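Participant: coords please:
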Amino acid sequence: MTIHKQTNADTARTQRITAALIKSLVPPPKGNRIFYDDDLTGFGIRITSTGQKAFVLNYRLNGKEYRPTIGKYPEWTVTAARKRVQEWRQQIDRGENPLEKKREERAAPTVRDLYDRFHHTHLQGRSKAYRKDQERDWKVWILPALGDKKLKDLTHEDCVQLHQDRTAKAPVAANRMIASFRKALNKAKTWQWLQYNPVEGLQLNREEPRERYLTPDEIRRLFDELQAREGNGAADAIKFIALTGCRKGEALQTLFTDFNAELTEWTKPARITKQRKRHRIPLPLEVTELLQRRREIDDFHPFLGTSGRPLLDVKNVWQSVRQSADIRDVTVHDLRHSIATYLASNGTSLETIGAVLGHSQVQTTRRYAHIYQDRLATELQRYSNAIKEITSSSSD
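Facilitator: Below you'll find the model as predicted:
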């Protein structure tokens with residue numbers, strides 16, 4: 001065996017590195033020893049005084065000597081280590097430094113790094129409810145499945161599997177989760193963390209819009225129950241939602257400073273609207289009277305709970321109200337659909353309905369187009385019948 005002087009090693013020997021050789025190695029009294037392979041240049045097995053063994057590669061590039069660790073033995077087999085050295089030798093021959101590539105690999109951002117940056121740059125300015133939904137998707141689904149994965153290694157198949165796993169529980173929520181993931185990955189592209197977005201091309205689940213709205217009889221029963229609870233903050237908030245078509249969050253987060261002095265006009269501030277834009281609507285007399293009663297209780301927060309603090313939700317009272325009114329399948333958000341459906345069925349234009357609801361895009365309001373068209377068809381048929389009656393009488 002030929003002995004070579006090596007940096008930071010007591011001795012270095014050359015011999016074909018095999019599993020049998022590695023098992024026969026005896027730890028040095030102190031420091032470490034490296035035994036080099038007699039066939040693959042620079043490929044070695046290092047053993048320390050504590051008996052730890054690891055594969056290394058010794059090489060020189062641009063006048064500097066490097067000796068990176070490939071991996072510990074026996075976690076790494078001789079065959080796997082030898083293959084890695086051959087790959088690294090090819091890089092060295094091309095003038096590339098495998099140690100620098102290894103460092104870059106370690107520093108490459110992961111999906112968890114993406115979440116951290118996306119959370120701070122994108123989610124911080126959004127509403128509390130929006131952040132809560134987004135954080136739940138990331139912390140419950142995305143990060144447990146893909147958090148440690150390097151972004152550069154993320155594949156379309158990874159995204160498809162994530163979507164399928166979420167779909168098994170909630171198909172619509174799976175679409176929302178992927179939308180958030182897509183947005184974050186697009187940000188990663190602008191940060192030059194990614195070359196392409198692996199979510200692109202993913203087929204989403206079919207979504208059927210919810211069509212539940214209250215019938216006139218259900219509306220009567222609902223308002224009877226709300227009237228019986230007049231003065232209760234949650235009941236008054238529900239009535240406010242039913243009469244204005246606003247979102248629940250808009251009602252619970254608004255302040256009396258958002259209304260004009262006469263309480264006949266409501267200017268929703270951008271901080272509470274889904275579109276993050278101001279939205280101004282006139283208020284019907286019933287809403288003005290409701291707000292007047294609420295202002296006598298507190299002149300800052302319209303809707304307080306029984307504890308005297310601003311309401312965060314109306315869930316408990318709503319459960320009681322809809323059970324008593326026998327509308328158990330109706331959600332608070334369905335009250336918003338109901339006002340839009342009523343307006344459409346009475347010939348109100350889709351543009352006006354969108355203005356009432358605060359839709360920023362007409363496509364959002366088009367879900368009520370069939371109701372509007374039904375109204376038009378009825379009116380046209382009535383006109384046609386009148387023409388037929390006129391022409392029939394004239395021919396007689």
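Participant: Identify all contacting residues around the helix or strand hosting residue 291.
Facilitator: Assigned by DSSP states H and E, residue 291 falls within helix 285-297. Helix 285-297 has contacts (Cβ atoms under 8 Å, 6 or more residues apart in numbering) with 230-231, 233, 236, 239-240, 243-244, 256, 259, 262-264, 283, 302-304. Glycine gets a C-beta too; all of them are placed from N, C-alpha and C.
Participant: got the residue ranges for the helices in the stretch 101-250 of the chain?
Facilitator: Applying DSSP state H, counting those that start in this stretch to the stretch 101-250 of the chain gives helices spanning 111-118, 128-137, 143-146, 156-167, 171-190, 216-228, 233-244, 248-253.
Participant: any idea of the mean pLDDT in the helix holding residue 291?
Facilitator: Average pLDDT, helix 285-297: 95.
Participant: Quick check: residue 281 is in a helix.
Facilitator: No - in this structure, residue 281 is strand, not part of a helix, as judged by DSSP: H, G, I helix; E, B strand; the rest coil.
Participant: any idea how far it is from residue 336?
Facilitator: 13 Å (Cβ to Cβ, to the nearest Å).
Participant: and those two? which has more neighbours close in?
Facilitator: residue 336 (22 against 17; other Cβ atoms under 10 Å).
Participant: Now name the helix or strand holding the more buried one.
Facilitator: Element membership of residue 336, judged by DSSP H and E, is helix 332-345.
Participant: Give the buried residues for that helix.
Facilitator: For helix 332-345, the neighbour count (16 or more other Cβ atoms under 10 Å) marks 332, 334-344 as buried.
Participant: will you turn the residues you listed into TSV that also has pLDDT?
Facilitator: Formatted as TSV, these follow (pLDDT from 0 to 100):
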residue	pLDDT
332	92
334	88
335	88
336	84
337	81
338	81
339	79
340	76
341	75
342	76
343	74
344	67
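Participant: okay, and for the stretch 201-350 of the chain, where does confidence drop off?
Facilitator: 209, 344, 346-348, 350 (pLDDT under 70).
Participant: Tell me which helix or strand comes right after the helix holding residue 291.
Facilitator: Once the chain leaves helix 285-297, the next helix or strand it forms, by DSSP H and E, is helix 315-324.
Participant: Identify the residues contacting that next one?
Facilitator: Residues from elsewhere that reach helix 315-324 (Cβ under 8 Å, 6+ apart): 222, 225-226, 229, 232, 234-235, 238, 328, 330, 332.
Participant: Out of these, give me the one that has the most neighbours.
Facilitator: residue 238 (26 neighbours).
Participant: where's the closest residue to that residue other than its chain neighbours relative to residue 326, distance?
Facilitator: Spatial nearest neighbour of residue 238, excluding adjacent residues (Cβ to Cβ, 6 or more residues apart in numbering): residue 314 at 5.6 Å. Distance from residue 314 to residue 326, counting by Cβ to Cβ: 19 Å.
Participant: Compare those two (neighbour count), which wins?
Facilitator: Neighbours were counted for residue 314 and for residue 326 using other Cβ under 10 Å; residue 314 has more, 23 against 12.
Participant: Kindly provide the distance from that one to residue 136.
Facilitator: Note on residue 314: its distance to residue 136, by Cβ to Cβ, is 21 Å.
Participant: for residue 222, same thing?
Facilitator: Look at residue 222 and residue 136: by Cβ to Cβ, they are 31 Å apart.
Participant: likewise residue 181?
Facilitator: The value you get for residue 181 to residue 136, if Cβ to Cβ is used, is 13 Å.
Participant: and what of residue 324?
Facilitator: 32 Å.
Participant: what's the domain layout of the chain?
Facilitator: 12-107, 111-190, 216-374 (automatic domain parsing).
Participant: just so I know, which of the ones you listed lies nearest residue 197?
Facilitator: Closest to residue 197 of the domains of the chain is domain 111-190 (Cβ to Cβ; 4.6 Å).
Participant: Endpoints of the closest one, how far apart?
Facilitator: Using Cα to Cα, to the nearest Å, the end-to-end distance of domain 111-190 comes to 15 Å.
Participant: again with stretch 145-155
Facilitator: OK, stretch 145-155 end separation, Cα to Cα: 13 Å.
Participant: What of stretch 200-216?
Facilitator: End-to-end distance of stretch 200-216 (Cα to Cα): 45 Å.
Participant: Give the buried residues for that stretch.
Facilitator: When burial is assessed from 16+ other Cβ under 10 Å, stretch 200-216 yields the following buried residues: 202, 213-214.
Participant: same check, this time on stretch 15-32
Facilitator: Those buried within stretch 15-32 under the rule 16+ other Cβ under 10 Å are 17, 22, 25, 32.
Participant: Let's see which of those end up in helices.
Facilitator: residue 22 (DSSP state H).
Participant: List just the nearest of the buried residues of stretch 15-32 to residue 43.
Facilitator: Comparing those against residue 43 with Cβ to Cβ places residue 17 closest, at 6.7 Å.
Participant: Please name the nearest non-neighbouring residue to the closest one.
Facilitator: Here the residue nearest residue 17, using Cβ to Cβ, 6+ apart, is residue 37, at 4.5 Å.
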